[in-house]
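S.K.: With the sequence up front, the predicted model follows.
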Amino acid sequence: MAEPFSFELVSPEKLLLSDDVTMVVVPGAEGDFGVLVGHAPLISSLRPGVIDTYNGDKVEKRIFVAGGFAEVTAERCTVLAEEAVPVEDIDASAAEERIKAANEAISEADKDTARNAAETELAVAEAMLVAGRGN
């Protein structure tokens with residue numbers, strides 16, 4: 001059985017989770033990556049997706065993150081998330097409203113920066129809806 005290590009999930013508002021886990025799977029910008037104790041040090045940006053924490057061979061917690069950064073050392077994994085929501089707390093209708101608002105913002109954007117921000121929001125809302133539906 002894998003050895004436990006420290007995992008922390010921090011949002012701009014507060015520390016959301018601090019737990020010992022045997023593995024964590026993180027949605028990195030270049031693809032999902034798994035972290036076990038003894039992992040090589042790395043820093044990765046995150047894409048919108050779900051973090052899965054494991055205790056033994058079972059998923060213990062599933063948390064949607066909108067993006068951010070992960071720092072991994074041999075003894076710990078720390079995620080600094082822009083936004084984080086437990087998957088079971090995702091409201092599909094609220095995510096659909098975010099998608100609608102983002103699409104409207106894209107169509108109304110008159111500058112590239114506004115369009116890019118709206119497209120980022122759309123990607124987050126769509127990933128959140130998928131995560132909430134369990135796909």
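M.R.: Here it is on my side, so go on. Numbers count the residues shown, from 1 in each chain.
S.K.: What residues of the helix or strand hosting A123 count as buried?
M.R.: In the assignment (DSSP states H and E), A123 maps to helix 112-133. Within helix 112-133, the residues scored as buried using 16 or more other Cβ atoms under 10 Å are 118, 121-132. Heads up, the C-betas are built off the backbone N, CA and C, glycines and all.
S.K.: Dump the residues you listed to a markdown table, plus distance to T73 and pLDDT.
M.R.: As requested, these are exported to a markdown table (distance: Cβ to Cβ, whole Å; pLDDT from 0 to 100):
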| residue | distance to T73 | pLDDT |
| --- | --- | --- |
| A118 | 36 | 91 |
| E121 | 32 | 92 |
| L122 | 34 | 92 |
| A123 | 29 | 93 |
| V124 | 28 | 93 |
| A125 | 32 | 93 |
| E126 | 32 | 93 |
| A127 | 27 | 93 |
| M128 | 29 | 92 |
| L129 | 33 | 92 |
| V130 | 30 | 92 |
| A131 | 27 | 92 |
| G132 | 31 | 88 |
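S.K.: most remote residue from this structure's center?
M.R.: D110 (29.6 Å; Cα atoms, centre = their mean).
S.K.: what's the spacing between the residue nearest the centre of the chain and I51?
M.R.: With distances taken as Cα atoms, centre = their mean, the residue of the chain nearest its centroid is V65 (2.3 Å). Applying Cβ to Cβ, to the nearest Å, the value for V65 to I51 is 6 Å.
S.K.: shared neighbours, those two?
M.R.: Residues touching both V65 and I51 (Cβ atoms under 8 Å, 6 or more residues apart in numbering): L9, P27, V79.
S.K.: I'd like to know how many residues surround the spatially closest residue to the first one that is not a sequence neighbour.
M.R.: For L9, the nearest residue in space outside its immediate sequence neighbours is L17; the separation is 4.2 Å by Cβ to Cβ, 6 or more residues apart in numbering. By other Cβ atoms under 10 Å, the residues close to L17 number 18.
S.K.: residues making contact with the helix or strand hosting L17?
M.R.: Assigned by DSSP H and E, L17 falls within strand 15-21. Strand 15-21 is contacted from outside by 4-10, 53-55, 60-61, 63, 81, 84, using Cβ under 8 Å, 6+ apart.
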